[in-house]
Structures are given as C-alpha cells and as structure tokens.
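just to be clear, the model below is a prediction. Sequence and coordinates:
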Amino acid sequence: MSTATKFTIHEDWTVVILGFLIIGISLFIFLPEVPIFKWTNETDLIANVFQIKNLQIIGLQFIYFLLIGIIGTFLVGKSVRNFILAFPIVYFLTLIALILAGNAKIKALNLEAVIFSLIIGLIIGNLFNLPEWFRSALSTELFVKIGLVLLGSSVIFSDILKAGSLGLIQALVVVLSVWYFAFWLCRKLKIDDELTMMISSAVSICGVSAAIATSGAIKGDSKKLSYVISIVLVTAIPMMIFMPMIAKYFNFPEEVTGAWLGGSIDTSGAVVASGTLVGETALKISTIVKFSQNVLLGIAAFAISIYWTYTHNKSGEVLESKPSLYVIWERFPKFVIGFIGASIVFSFFITPETRETVKESLKNLQGLWFALAFTSIGLETNFKDLLQNNSKKPLITFLIAQLFNIIITLIIAFLLFSK
C-alpha cells in the first residue's frame, strides 16, 4: 500500500517566500505598528509599555507572527499543531527580553534584546525538563533566516554612494585585512571551521548580523552561534566606553575618532553611543563608516556561501573531483538570494518616501525574528554546551583579532581622515 508523499519546500526557499510575503504585506496591505518597550521606572513601565493601546499592538503582532510561523511550519513539513502550542511560550519569553532590554539603564550599557532572549531561554531550558515535542517545534533556523531576508531591505545602494569614497575604502580595507587575520589566527589555534568563519565575520564586518548571516550561509551550529554572539555583545561594552576616552586623552581629530569607532566597534548601537560621547562630527563619520561595513555583509555572505559549498561538500562526487556548478547550486543557501533580492527591490523599485514609511516597521519585525530565534536557541541549548564550547580558544582568538582590528582601523583612519 503506497503512502502519499507530504508536500514540503526546502527551508531556505520557504524563508525567501515568507520574507517577501512580509515585505509585500508591509508595502501593500498592512503595516504593523511598532510596540513601545522603552521605560525608565515602574511608573513609565505601566504608563507606556503596559498601556492598553500598546498591549493591543503587541497582541496583534503576536497573531501576525503566529500566522507567518504556521505557514512556514507547514511548508517545511513540521508539525503545525506542535508549533501552535509552543510558539506562544517562545513569544512570551521573548517579550520579557524585549521589556528588559527597553529599560533606559540597560540601553545605556548597549545590551541588546537578543542577549536577554538567549539568557532567558537558557535559564528555562536548563531549569525545566522540556518535552521532546516542544523542542522539536522550535523553529530557530526559520526565525533567523526570515530576519536575514528582511535585513536585506535596509541595505540600500544609493546610501552606499552617499557613504562617500573614504568610508567605503576604509570599510573594504578593514574588512578584508581583519577577516583574513582572524581566519589565519583561528587556523593557527586549530579552532573548528564553523567557529572560524563566524568569528572572522563577526569581528571584521558588523558583529551580530555578520555572525548570524555567516552561520546561515554555512548551516552552522546554533550553539556555536550563540557563543560568538555573546562574545561580540559583551566585548562591545568596554570598547564603547574606553575608546572615546582614549581618543580624547590623545587628542585625536574628531573625524579620525569617528572613523576609528565606526570601523572597529562591532554593534551599530555601540557605535552610535560611543560617537555621541565624542561629538557630532565623530557621530556622523562613525555612522557612515559602520554603514559602509554593514553594506559589505551581503557580498560577504555570498562569498562565504560559495567558499563553504565548494570546500565542505563531502559527497562522493566531490571526493572524486571538484564540485560542479550544479552541486554548488544545490548546496548554496538560498536565503542569501532573498537577502540580495530584498536589497535590490528596496534600492531600485521602491521610492525613498515609501522606504522611509516602512523602514521602522520592517526593522522592528526583523529584530523580533532574531530575538525569537535566540530564545529558541537558549531553550534547546544546555549550559554545559555553551560554557565548555571549545575551551577558551575562541574567546582568546576573538580578543586578539579585535585588538588587531582596533590598531589597523586607527592607522587607516589617520591615513584617510586626518587633515
């Protein structure tokens, strides 16, 4: 007796479909409002975050994400029933993370929502014995990759030109030199290939987003990704505080300081915060340089995808000869096409006015997909796996690479931006 084959679509094509579905809905049907999570004290929390209108926006957002998630779960062939039962728990835990990250004092430390999502997920996942059906319902990869497709909508080609030739030259030189140094150092210390690629991209391009994009491109282990993200976020805090102090002590020109901060600090929030501590000119240039680096993310993800596919295919065909174009295409992470496609659509087919209208909403949706992914990573990760990951070698490598990044970026900043 024959059984009917269940209809499924590959996860990477599914996230491209869902990413463009979300973009299409935002452009033509319904633009989700951005909930308020900012608060300074209890009164503020009740008056702003827990006001009826804001709770309605959060509730509507929950239904929106649930429906998108159901479509994705169905298309990849997973249990829709289990997803419907598990998702409200993941969403609620993520909501707690967003509220914690919205506190003014936390924001001042530049601790992003994803780190709280990860911590909350780890605590729940390690304190409670979660049933297998719940763990199998967690859609980490789906959430991450939808967020990455939406991230493409913020990479606008006209903005790349506005960033100016100096910002682009610095970004290119820094990214290539720091990436290669980090890659070489990881190889010297015999760190595994997945961590090598994630660390190299995170330290050289744009921190969290680069690590996530690289992990997606190489189908990396989510536990290793969470480890790298934690290092990136924690390292950004002392850099954000002490680098402006060093610049002021040695009387670096504001233009040089801005280029230095933008080129070496790994998270956009920390770049803005540190630039603000120096002055308006430093803030402007640091933002331009950081954006120039962010722009290279799509190109880097594409290049890493090709490299990884070409060098890590263990099929019989590859063992006998070099992989053919068909094999490379077969293993190539298709979500990268979604990322680049979104960037092309928003660069050439959407008016600047429309772009400005949907920008904040899409950024909010992208951030929430990432936060949901990190809650899921925490829930499915054992503390021991996270803390004992490859001993201290990745941390040492990251710190050495970051020090190299700080030095080389300062030299290039002086060469390009000192008058």
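Received, thanks.

helices of the stretch 251-400 of the chain, start to end?
254-264, 268-278, 280-311, 316-320, 325-331, 335-348, 352-379, 383-387, 393-417 (DSSP state H, counting those that start in this stretch).

out of those helices, nearest to Ser26?
Smallest distance to Ser26 across those (CB to CB): 5.0 Å, for helix 352-379. The C-beta positions use only the backbone N, C-alpha and C, and glycine is treated the same way.

which helices and strands does the closest one pack with?
helix 11-24, helix 52-76, helix 80-101, helix 113-127, helix 140-151, helix 222-249 (3 or more CB pairs under 8 Å, 6 or more residues apart in numbering; DSSP states H and E).

give me the angle between the second one and helix 80-101.
What that stands for is helix 52-76. In terms of direction (axes from the mean of the first three to the mean of the last three CA atoms, to 10 degrees), helix 52-76 departs from helix 80-101 by 140 degrees.

also the longest one?
With the same axes, to 10 degrees as the criterion, the two stretches helix 222-249 and helix 80-101 enclose an angle of 20 degrees.

model confidence over helix 222-249, on average?
Averaging pLDDT along helix 222-249 yields 84.

and the angle for it with helix 268-278?
10 degrees.

just the buried residues of helix 222-249, please?
Neighbour counts over helix 222-249 (16 or more other CB atoms under 10 Å) mark 222, 224-233, 235-236, 239-240, 243-244, 247 as buried.

redo the helices and strands packed on helix 352-379 as TSV? Include distance to Pro32.
What follows is the helices and strands packed on helix 352-379, written out as TSV (distance: least, CB to CB, whole Å):
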stretch	distance to Pro32
helix 11-24	9
helix 52-76	6
helix 80-101	14
helix 113-127	17
helix 140-151	12
helix 222-249	26
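
pick the most buried one from those helices.
Of all the helices and strands packed on helix 352-379, helix 140-151 has the most neighbours on average by mean count of other CB atoms under 10 Å, namely a mean of 27.

which residues are in contact with it?
The contact list for helix 140-151, computed with CB atoms under 8 Å, 6 or more residues apart in numbering, reads 11-12, 14-16, 18-20, 22-23, 68-69, 72-73, 76, 209, 212-213, 215-216, 222, 297, 335, 338-339, 342, 362, 365-367, 369-370, 372-373, 376-377, 380.

tell me the most buried of the helices of the stretch 251-400 of the chain?
By mean count of other CB under 10 Å, the helices of the stretch 251-400 of the chain have helix 254-264 as the most buried, with a mean of 28.

need the residues that contact it.
For helix 254-264, using CB under 8 Å, 6+ apart, the contacting residues are 166-167, 170-171, 174, 239, 243-244, 247, 252, 271, 274-275, 278-279, 281-290, 293, 402, 405-406, 409-410, 412-414, 416-419.

would you mind measuring from Ile123 to Val49?
To Val49, Ile123 is 22 Å away according to CB to CB, to the nearest Å.

that should have said Ile25, apologies.
To Val49, Ile25 is 25 Å away according to CB to CB.

again, but for Phe370
Phe370 is 20 Å from Val49, by CB to CB.

over to Val256?
From Val256 to Val49 the distance is 40 Å (CB to CB).

can you check Met239 too?
30 Å.

same deal with Ile288?
33 Å.

Ile337 touches Val16, doesn't it?
Yes - when contacts are counted by CB atoms under 8 Å, Ile337 is listed as touching Val16 (6.4 Å).

helix/strand/coil for the closest residue in space to Gln61 that isn't next to it in sequence?
Leaving aside its sequence neighbours, Gln61 sits nearest to Pro32 (CB to CB, 6 or more residues apart in numbering; 6.0 Å). Per DSSP: H, G, I helix; E, B strand; the rest coil, the secondary structure class of Pro32 is coil.
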